[in-house]
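Student: need a structure here:
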Amino acid sequence: MGGVRTALYNYLFAKKHGGDFILRIEDTDQTRFVPGAEDYIIEALKWCGIEPNEGVGFGDGEYKPYRQSERKPMYREYADQLVKSENAYYAFDSSEELDEARLRMEKSGGSFSYNAITRQNMKNSLSLSDDEVQKRIVAGENYVIRIKIPRNEEIRLQDVIRGWVVVHSSQMDDKVLFKSDGMPTYHLANVVDDYTMKISHVIRGEEWLPSAPLHVLLYRYLGWESVMPEFAHLPLLLRPDGNGKLSKRDGDRLGFPVFPLNWNPESGEKASGYKEAGYFPEAFINMLALLGWHASGNQELFSLEELIKEFSLDRVSKHGAKFDPEKTKWFNQQYLRTKSDDELAKEFQSNDSRLKTQDFEYVKKVCALIKEKASFLNEFWSLGSYFFIEPESYDADVIKKRWNDKSKNFIAELAKTYQSTNDFSATNAENILKQTCEQLGIKTGEVMQLFRVCISGLGGGPALFEVAALLGKDKVIKRLETAVNTIKP
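Tutor: Predicted coordinates for the structure are as follows:
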């Protein structure tokens, strides 16, 4: 959800300002590569209806390729440029040596950071002689390239959402920019790609805010500060109780999806998706748009076109947005109600083999009645199966409360009275029931729900006499007679 919301805000902003929304696959960390993830991202964006103008899976533009692994040769040039300008350096420390440094620091009660203080005691081109550095490189020794963070400086960043962000360089470490496997890290690749692709705005999650000062330095050191994109860091998505960040593991644990589509990677980590749970993509997108952003008025339901028109970064909150799964169901319910009876009937009938032989016009009338009670299309059968098959059971609570000799006699008499009418419209069916109540000295409130249970099996549902009229006189009479002969006091 967090990734989709970020994509959505980028999409809305780009479309609002006549720009391009690009899908770039940032796959520099091959240890975290997950087979199928790229295809999943593409399919998720398509389902959501927020397709990029260009990028992986969406066609090439002027700045292809869009996978960073395919842009690999260009990054080395910029890493070398940073070393040459003395804003970066070679570091030869092995993983074992770094672990030892961390352990020593922990024993003294601190935490290790590769920075302006510790780098002089490590194996790098700042602490070693030039001859020693060249000797190691020629010998093929593994090394990384680290940025050289200034020792005593305030790094300032103007964020569109958060205003000025100021971080002192003493709080930063010398991050790796180029790895020993020949791949750049996210930090270098992202900055180089944003510059070479002429990216104007970077809208990303709050978790990247601590890295932003490092990126500012890279723009400065590479001589690109004047064309640095504007940054906007989005608020976190919080759990429903507001206690902490919503994670991908929270969804199925708490009973709601956090992925747009079912996620079933080869690694075995599975999670349910909004699509398969029965949500409409429009409802999912509408819900996401309002998680951290608010419109100028009180409107809650927006088409994608309306969101584009309304969207602006100055109405994005700085604070975390609490996810509400019940509100999300409400959004889906609202969109379901906007669907035509024809649309719903086609979906309902095509997705349920039990309806294959049913008359389409009848199915359409059923959908018209039950859609007001449903939040999801996949609830239609449970809410309206009695339109197609006779009830197999009766609501136990209603029977316990309402079924007795008097009410049984009423149901039997009502069935007989219905036999003699030729007009079984909703209005006349209701009038006959009320007249029968008067004749037998029974209050309508005592038998109305019982009548519903006898013909549907359920204690609640759509407009009762509309249900009866759609079922038709013969079915209603048969079900009333079955109830009289079946239900025990």
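Student: what's the helix or strand for the closest residue to residue 473 other than its chain neighbours?
Tutor: Nearest non-adjacent residue to residue 473, counting by Cβ to Cβ, 6 or more residues apart in numbering: residue 424, 4.0 Å away. For every residue, glycine as well, the C-beta is placed using N, CA and C. Assigned by DSSP states H and E, residue 424 belongs to no helix or strand.
Student: quick check: which ranges of the stretch 201-350 of the chain have low pLDDT?
Tutor: 267 (pLDDT under 70).
Student: please enumerate the helices of it.
Tutor: 212-221, 250-254, 281-289, 304-310, 325-338, 341-351 (DSSP state H, counting those that start in this stretch).
Student: packed most tightly, which of these would that be?
Tutor: helix 281-289 (a mean of 23; mean count of other Cβ atoms under 10 Å).
Student: OK, contacts around residue 176?
Tutor: Residue 176 makes contact with 91, 144, 145, 146, 185, according to Cβ atoms under 8 Å, 6 or more residues apart in numbering.
Student: what's the closest of the residues you listed to residue 115?
Tutor: residue 146 (9.8 Å; Cβ to Cβ).
Student: is that closest one in contact with residue 180, as I believe?
Tutor: No. Contact between residue 146 and residue 180 fails when scored by Cβ atoms under 8 Å: they sit 11.8 Å apart.
Student: the more surrounded of those two?
Tutor: residue 146 (27 against 15; other Cβ atoms under 10 Å).
Student: and that one, that's in a strand?
Tutor: Yes. Counting by DSSP: H, G, I helix; E, B strand; the rest coil, residue 146 is part of a strand.
Student: quick check: it vs residue 85, distance?
Tutor: 14 Å (Cβ to Cβ, to the nearest Å).
Student: again, but for residue 183
Tutor: 22 Å.
Student: so for those two, which residue has more residues nearby?
Tutor: Neighbours per residue (other Cβ under 10 Å) separate residue 183 from residue 85, with residue 183 holding more: 18 against 12.
Student: for that one, give me the pLDDT.
Tutor: In the prediction, the pLDDT value recorded for residue 183 is 92.
Student: got the contact list for the spatially closest residue to it that is not a sequence neighbour?
Tutor: In space, and not counting its chain neighbours, residue 183 is closest to residue 28: 4.9 Å by Cβ to Cβ, 6+ apart. The contact partners of residue 28, by Cβ under 8 Å, 6+ apart, come to 68, 69, 183, 184, 185, 186, 189.
Student: check which helix or strand residue 28 maps to.
Tutor: Here residue 28 is assigned to no helix or strand, by DSSP H and E.
Student: residue ranges of the strands in the protein, please?
Tutor: 22-23, 54-55, 88-91, 144-147, 154-159, 163-168, 176-178, 201-205, 230-234, 237-238, 321-322 (DSSP state E).
Student: ok, and the most crowded of the contacts of residue 176?
Tutor: So for these (other Cβ under 10 Å), the most neighbours sit at residue 146, 27 neighbours.
Student: who's in contact with that residue?
Tutor: 88, 89, 91, 114, 119, 124, 174, 175, 176, 177.
Student: mind putting the residues you listed into TSV with distance to residue 406 and pLDDT?
Tutor: Formatted as TSV, these follow (distance: Cβ to Cβ, whole Å; pLDDT from 0 to 100):
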residue	distance to residue 406	pLDDT
88	91	98
89	94	98
91	90	98
114	86	97
119	91	96
124	94	98
174	87	98
175	82	98
176	83	98
177	85	98
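Student: now, which of those sits nearest residue 54?
Tutor: residue 177 (26.9 Å).
Student: quick one: that closest one from residue 212, how far?
Tutor: From residue 177 across to residue 212, the span is 15 Å (Cβ to Cβ).
Student: on that earlier part again, among the contacts of residue 28, which are in helices?
Tutor: 186, 189 (DSSP state H).
Student: identify the contacts common to residue 146 and residue 180.
Tutor: Common neighbours of residue 146 and residue 180 (Cβ under 8 Å, 6+ apart) do not exist.
Student: list the contacts of residue 210.
Tutor: Contacts of residue 210 by Cβ under 8 Å, 6+ apart are residue 167.
Student: residue 349 contacts residue 361, correct?
Tutor: No. Judged on Cβ under 8 Å, residue 349 makes no contact with residue 361 at a distance of 11.0 Å.
Student: ok, for residue 21, nearest residue in space, not its chain neighbours?
Tutor: Per Cβ to Cβ, 6+ apart, closest to residue 21 is residue 14, 4.1 Å.
Student: the one you found contacts residue 23, doesn't it?
Tutor: No. Counting by Cβ under 8 Å, residue 14 sits too far from residue 23 to count as a contact (11.7 Å).
Student: isn't residue 186 up against residue 26?
Tutor: Yes. The pair residue 186 and residue 26 passes the contact test of Cβ under 8 Å, sitting 6.1 Å apart.
Student: settle it for me: which of those two has more neighbours?
Tutor: With neighbours defined as other Cβ under 10 Å, residue 186 and residue 26 compare such that residue 186 has more, 17 against 13.
Student: please tell me how far that one sits from residue 207.
Tutor: For residue 186, the distance to residue 207 - Cβ to Cβ - is 12 Å.
Student: before we move on, what about residue 316?
Tutor: 16 Å.
Student: who's more crowded, the two?
Tutor: residue 316 (21 against 12).
Student: surely the more buried one touches residue 206?
Tutor: No. With contact defined as Cβ under 8 Å, residue 316 does not count as touching residue 206 (10.9 Å).
Student: overlap in contacts, those two.
Tutor: 234, 235.
Student: can you map out the helices along the stretch 51-200 of the chain?
Tutor: 72-84, 95-107, 130-138, 186-196.
Student: adding distance to residue 471 and mean pLDDT, write these out as a markdown table.
Tutor: Below are the helices of the stretch 51-200 of the chain laid out as a markdown table (distance: least, Cβ to Cβ, whole Å; pLDDT from 0 to 100):
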| stretch | distance to residue 471 | mean pLDDT |
| --- | --- | --- |
| helix 72-84 | 67 | 96 |
| helix 95-107 | 73 | 94 |
| helix 130-138 | 84 | 97 |
| helix 186-196 | 62 | 97 |
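Student: take those and write them to a markdown table, including distance to residue 355.
Tutor: As requested, the helices of the stretch 51-200 of the chain are arranged in a markdown table below (distance: least, Cβ to Cβ, whole Å):
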| stretch | distance to residue 355 |
| --- | --- |
| helix 72-84 | 54 |
| helix 95-107 | 61 |
| helix 130-138 | 71 |
| helix 186-196 | 50 |
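Student: just these: most buried one?
Tutor: Of those, helix 186-196 is the most buried (mean count of other Cβ under 10 Å), at a mean of 21.
Student: quick revisit: ok, the residue nearest to residue 473 - contacts?
Tutor: 418, 468, 469, 472, 473, 476.
Student: may I see the helices of the stretch 201-350 of the chain arranged in JSON lines, with distance to residue 53 as well?
Tutor: JSON lines is the format used below for the helices of the stretch 201-350 of the chain (distance: least, Cβ to Cβ, whole Å):
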{"stretch": "helix 212-221", "distance to residue 53": "24"}
{"stretch": "helix 250-254", "distance to residue 53": "30"}
{"stretch": "helix 281-289", "distance to residue 53": "18"}
{"stretch": "helix 304-310", "distance to residue 53": "14"}
{"stretch": "helix 325-338", "distance to residue 53": "26"}
{"stretch": "helix 341-351", "distance to residue 53": "29"}
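Student: who wins for proximity to residue 133 among those?
Tutor: The nearest among those, by Cβ to Cβ, is helix 212-221 at 19.9 Å.
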